[in-house]
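> sequence below, structure please.
(2 chains)
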Amino acid sequence: GNSVTQMEGPVTLSEEAFLTINCTYTATGYPSLFWYVQYPGEGLQLLLKATKADDKGSNKGFEATYRKETTSFHLEKGSVQVSDSAVYFCALRPDSNYQLIWGAGTKLIIKP
Amino acid sequence: KAGVTQTPRYLIKTRGQQVTLSCSPISGHRSVSWYQQTPGQGLQFLFEYFSETQRNKGNFPGRFSGRQFSNSRSEMNVSTLELGDSALYLCASSLLSGGGPEQFFGPGTRLTVL
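All right, here's what the predicted structure looks like:
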């Protein structure tokens, strides 16, 4: 079946550190992959997406590359800020239907 | 363009009561999906409505129900509330059925069951 596995949190980093949040998936066919972010007290916002293998999604300094050979879509940012503190969700949309499959979420805490 | 709105933002109910939550999608969006978010279970899909018809359903008991109106606004109802129903309920709207090509989320309704 389809599933998404994210690294467990919380992930705690100092400001300006390099960020990686791991996401791997299991899916048949060619899913689209997404990262959503949820700031405290808010709903989810789409951060970036990739629809085919080797695509790189990017937004607000965050990047993720769709790696079909390793079934991964790791989120990276070169220099995090306190304002990046949030919960990050990896998700996939299977090729065969459109309902999103969600990871468990990873809480990111950035200390000044 | 106005975003997805959810009302009320906060609710406190007691066990056994019922509750109705409302979601207004982005103008032009015909799909509304509902999710339950809890610290223990994470984000779980409840159901999706598209053009007033339920298109997908998650693994929740029949106490959870919903509907969609002709203007695409959607309501979710939970009857006979249990303590475990305490959660953040999120709705998301999209242009296409199944949440494609992109879902836009509302701020959620925080339900507390005492």
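
> okay, CA-based contacts and neighbour counts for the rest of this
Will do.

> point out the residues in chain A that sit beside chain B.
Chain A has residues A:41-46, A:97-100, A:102, A:104-105 near chain B, with proximity defined as C-alpha under 8 Å from any C-alpha of the partner chain.

> redo the residues you listed as TSV? Include pLDDT, neighbour count and secondary structure.
Below are these laid out as TSV (pLDDT from 0 to 100; neighbours: other C-alpha atoms under 10 Å in any protein chain shown; DSSP: H, G, I helix; E, B strand; the rest coil):
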residue	pLDDT	neighbour count	secondary structure
A:41	83	11	coil
A:42	85	15	coil
A:43	87	21	coil
A:44	91	24	strand
A:45	92	18	strand
A:46	93	17	strand
A:97	60	12	coil
A:98	67	18	coil
A:99	76	19	coil
A:100	85	23	coil
A:102	91	24	strand
A:104	92	22	coil
A:105	94	27	coil
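
> name the nearest of these relative to residue A:5.
Using C-alpha to C-alpha, residue A:104 is the member of those that lies nearest residue A:5, at 7.2 Å.

> quick one: residue A:2 from chain B, how far?
Shown here: residue A:2 relative to chain B, a distance of 14 Å by C-alpha to the nearest C-alpha, to the nearest Å.

> what pLDDT does the model give the closest residue to that residue other than its chain neighbours?
For residue A:2, ignoring the flanking residues on the chain, the nearest one in space by C-alpha to C-alpha, 6 or more residues apart in numbering or on different chains is residue A:27 at 4.5 Å. Here, the pLDDT recorded for residue A:27 equals 89.

> ok, residue A:96 next?
What the model reports for residue A:96 is a pLDDT of 52.

> quote the end-to-end distance of stretch B:65-78.
Start-to-end span of stretch B:65-78 (C-alpha to C-alpha, to the nearest Å) is 6 Å.

> residue A:86 against residue A:36, yeah?
No - applying C-alpha atoms under 8 Å as the test, residue A:86 and residue A:36 come out as separate, 10.2 Å apart.

> from residue A:75, how far out is the most centrally placed residue in chain B?
When C-alpha atoms, centre = their mean is applied to chain B, the residue found nearest the centroid is residue B:34 (3.2 Å). Computed as C-alpha to C-alpha, the residue B:34 to residue A:75 distance reads 26 Å.

> next: residue B:65.
Residue B:65 is 35 Å from residue A:75, by C-alpha to C-alpha.

> now residue A:83
16 Å.

> after the helix or strand that contains residue B:34, which helix or strand is next?
For residue B:34, the element it lies in under DSSP states H and E is strand B:31-38. Note on strand B:31-38: by DSSP H and E, the next helix or strand toward the C-terminus is strand B:42-50.

> helices or strands next to that next one in the packing?
Packing partners of strand B:42-50 (3 or more C-alpha pairs under 8 Å, 6 or more residues apart in numbering or on different chains; DSSP states H and E): strand B:31-38, strand B:53-57, strand B:64-68.

> mean confidence for it?
Averaged over strand B:42-50, pLDDT sits at 91.

> how about the strand holding residue B:34 and chain A, touching?
No - for strand B:31-38, no contact with chain A is found by C-alpha under 8 Å from any C-alpha; the gap never falls below 9.3 Å.

> mind listing what's buried in that strand?
Using 16 or more other C-alpha atoms under 10 Å in any protein chain shown as the test for burial, strand B:31-38 gives B:31, B:32, B:33, B:34, B:35, B:36, B:37.

> from those residues, pick the one nearest chain A.
Among these, residue B:33 lies closest to chain A (C-alpha to the nearest C-alpha), at 9.3 Å.
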